[in-house]
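Peer 1: Please work out how this folds:
(chains A, B, C and D)
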There are 2 protein chains.
Amino acid sequence: MTDRKPSQLDRALRGLRSLVMSGAFEGGQRLSEVTVAKQLGTSRTPLRQAMDRLVAEGLLERIETGGCRVATFTREDIADAIEVRGVIEGTAARLAAERGVKPEQLAHAKAELDKIDSAIAHPDGLDFDAYVRHNARFHEILASLPASPVIQKEIERMILLPFASPSSFLSEQSAMPGFLASLRHAQHQHRGMIDAIENREGARAEAITREHARLALINFNHFSDNQPLVGNDASGLAFIAST
Amino acid sequence: MTDRKPSQLDRALRGLRSLVMSGAFEGGQRLSEVTVAKQLGTSRTPLRQAMDRLVAEGLLERIETGGCRVATFTREDIADAIEVRGVIEGTAARLAAERGVKPEQLAHAKAELDKIDSAIAHPDGLDFDAYVRHNARFHEILASLPASPVIQKEIERMILLPFASPSSFLSEQSAMPGFLASLRHAQHQHRGMIDAIENREGARAEAITREHARLALINFNHFSDNQPLVGNDASGLAFIAST
DNA sequence: CATGCCATAATTGTATACACCTTAGTGCAG
DNA sequence: CTGCACTAAGGTGTATACAATTATGGCATG
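Peer 2: You can find the predicted model right below:
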């Protein structure tokens, strides 16, 4: 019995988040509590809690006169969110290097990197799912290396914004020229980060990690050049401003 | 009619926050909703919302089986929170330098710095209140210089933790040797930050701002060496772990 | 035709009731 | 005396009712 039965709040959170990301609401319009509650099949109380959480996550924003609306993000907002994520991850890498980490943790990180190598060099071509999974796991481990709850929480928080996470804008159909090369480049940076941490090179670890985050920005630019980025799209990023 | 009459949520938030900071609750023990609601003279509904917010701020933490407890922070946590604040403020300064800021905004920042000078060089000795006020205002302006909602919100969020704010551990009775000299040093860094931003020197702006934040860490060390830092103290920081 | 005001309807903020779960305390058995 | 189980009390999660505030539509007036 390790799993608890999902509470109404959990269901409301999941449901509301996916509704927002799928673009079920008009941008800027305030979303009615009773309507959404009916849609999600729950009462207003847990829905309200879910809204509060999404406001804290940044997906919704409060209206002065009451209620919430869907937050919209410009390209600059997305770029800044990625930048901040890189800065904090970079700090995590630097602190890990400065303070030192246990060999087992480094081994875990390296093991994940090996799995990423396997995913890239898979005989049937790129194993995209495995890549995304192990990439996310590697970044989780990285966030834990400084053994600092404050930093770990901060990184987890930044990643909640779907366009700021390390796996953002990696789409399998990215048959863009040099996509595989880009993944290999990212992996090179991964190795560099761990190497710098192992050698206690704080500045190097931070610099590589920052630059690494900017790959997400490059991916986003490719993504937004090819996708229309209008309100109701199927990309799960409907709340990105089209202007 | 610019002010709205304070809602129950506002009162609950303020009341609960001050209760937590004054150490009204045993560390680690879960705080009963009904009891606290009675103490604050409100119903459980707004109190619950307030608890959710304080959890998001980091002052409370959820218990798996339900409810909340007061979060406790170690010295390492405080040091890390200050470090992260410095890193993000540093990013704000760097981006401001790289992207450039309007002359009016720089003028605002400089005006605040002049007021800090006046507060330090006041004929009757240090005007402590004015110093704290203008120092906080300067840091607000700094956060706004990159004109980035993402970064501004992130800084505002970090500052919510009372020991991470730029005004932390500045106590008037700080008759510690060199206190005034320390303020002058901080002010020197302020000038350096603005100068670097004005000259588009991103790396310098970031480095100075980071180092500046570490003054708060020095102040905290002085503070914790002189104060007992036990559970129920009058410092308003009762939730700091005594061990 | 535009504009301001009033009434009405809808929506949020708040309180409270209820059910289920958690937990502490007590009694009984080994 | 110790450990376990059961009971009871208290607590949280959820739903809902009510009040107050806000949005809206129509009507009158300039």
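Peer 1: check contacts around the residue nearest the centre of chain A.
Peer 2: The residue lying closest to the centre of chain A (Cα atoms, centre = their mean) is A:Ser165, at 1.8 Å. A:Ser165 sits next to A:85, A:136, A:159, A:216 when contact means Cβ atoms under 8 Å, 6 or more residues apart in numbering or on different chains. From N, CA and C alone the C-beta is placed, and that goes for glycine too.
Peer 1: Kindly write the PyMOL command that selects the buried subset of the residues you listed.
Peer 2: To isolate the buried members of the contacts of A:Ser165 in PyMOL, using 16 or more other Cβ atoms under 10 Å in any protein chain shown:
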select buried, chain A and resi 85+159+216
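Peer 1: could you dump the contacts of A:Ser165 to CSV with secondary structure?
Peer 2: Listed next are the contacts of A:Ser165 as CSV, based on DSSP: H, G, I helix; E, B strand; the rest coil:
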residue, secondary structure
A:Arg85, helix
A:Ala136, helix
A:Ile159, helix
A:Ala216, helix
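Peer 1: Which of the contacts of A:Ser165 sits closest to DNA strand C?
Peer 2: Ranked by distance to DNA strand C (Cβ to the nearest atom of the strand), those are led by A:Ile159 at 27.9 Å.
Peer 1: wait, the closest one sits on A:Ser168?
Peer 2: No - counting by Cβ atoms under 8 Å, A:Ile159 stays clear of A:Ser168, with 9.3 Å between them.
Peer 1: for DNA strand D, what are the nearby residues on chain A?
Peer 2: Chain A comes close to DNA strand D at residues A:7-9, A:42-46, A:49, A:63, A:65-66, as judged by Cβ under 7 Å from any atom of the strand.
Peer 1: which two from these end up farthest apart in space?
Peer 2: The span of these, defined through Cβ to Cβ, is set by A:Ser7 and A:Thr65 at 29.8 Å.
Peer 1: Am I right that the residue nearest to the centre of chain A is in a strand?
Peer 2: No - counting by three-state DSSP, A:Ser165 is not found in a strand; it is coil.
Peer 1: Phi and psi next, for A:Phe73.
Peer 2: The phi and psi torsions at A:Phe73 (degrees, to the nearest 10) take the values phi -120, psi 130.
Peer 1: Leaving out the residues flanking it, which one is nearest to it?
Peer 2: Using Cβ to Cβ, 6 or more residues apart in numbering or on different chains and skipping residues adjacent in sequence, the residue nearest A:Phe73 is A:Ile240, 5.3 Å away.
Peer 1: just to revisit the earlier point, can you pull the pLDDT of the residue nearest to the centre of chain A?
Peer 2: pLDDT for A:Ser165: 94.
Peer 1: A:Leu19 too?
Peer 2: 93.
Peer 1: After the strand or helix carrying it, which helix or strand is next?
Peer 2: Applying DSSP states H and E as the criterion places A:Leu19 in helix A:8-21. Using DSSP H and E, the next helix or strand after helix A:8-21 towards the C-terminus is helix A:33-40.
Peer 1: which residues in chain A form strands?
Peer 2: Using DSSP state E, the strands of chain A run over A:60-62, A:68-70.
Peer 1: For the residue of chain A found nearest DNA strand C, give me phi and psi.
Peer 2: Chain A approaches DNA strand C most closely through A:Gly66 (3.0 Å), counting by Cβ to the nearest atom of the strand. Here is the backbone geometry of A:Gly66 (degrees, to the nearest 10): phi 120, psi 150.
Peer 1: What of A:Leu170?
Peer 2: Backbone torsions of A:Leu170, given as degrees, to the nearest 10, read phi -90, psi 100.
Peer 1: shouldn't it be in contact with A:Ile218?
Peer 2: No - with contact defined as Cβ under 8 Å, A:Leu170 and A:Ile218 do not form a contacting pair (11.2 Å).
Peer 1: so where's chain A uncertain?
Peer 2: Chain A contains residues with pLDDT under 70 at A:1-4, A:172-176, A:227-236, A:242-243.
Peer 1: in it, which spans are helices?
Peer 2: Assigned helices in chain A, in chain order: A:8-21, A:33-40, A:44-57, A:75-99, A:103-120, A:128-144, A:149-160, A:179-198, A:202-226 (criterion: DSSP state H).
Peer 1: now, of the ones you listed, which is deepest in the fold?
Peer 2: Ranked by mean neighbour count, the helices of chain A are led by helix A:75-99 with a mean of 23 (mean count of other Cβ atoms under 10 Å in any protein chain shown).
Peer 1: counting contacts, what elements does it pack onto?
Peer 2: With contacts taken as 3 or more Cβ pairs under 8 Å, 6 or more residues apart in numbering or on different chains; DSSP states H and E, helix A:75-99 sits against helix A:128-144, helix A:149-160, helix A:179-198, helix A:202-226, helix B:75-99, helix B:149-160.
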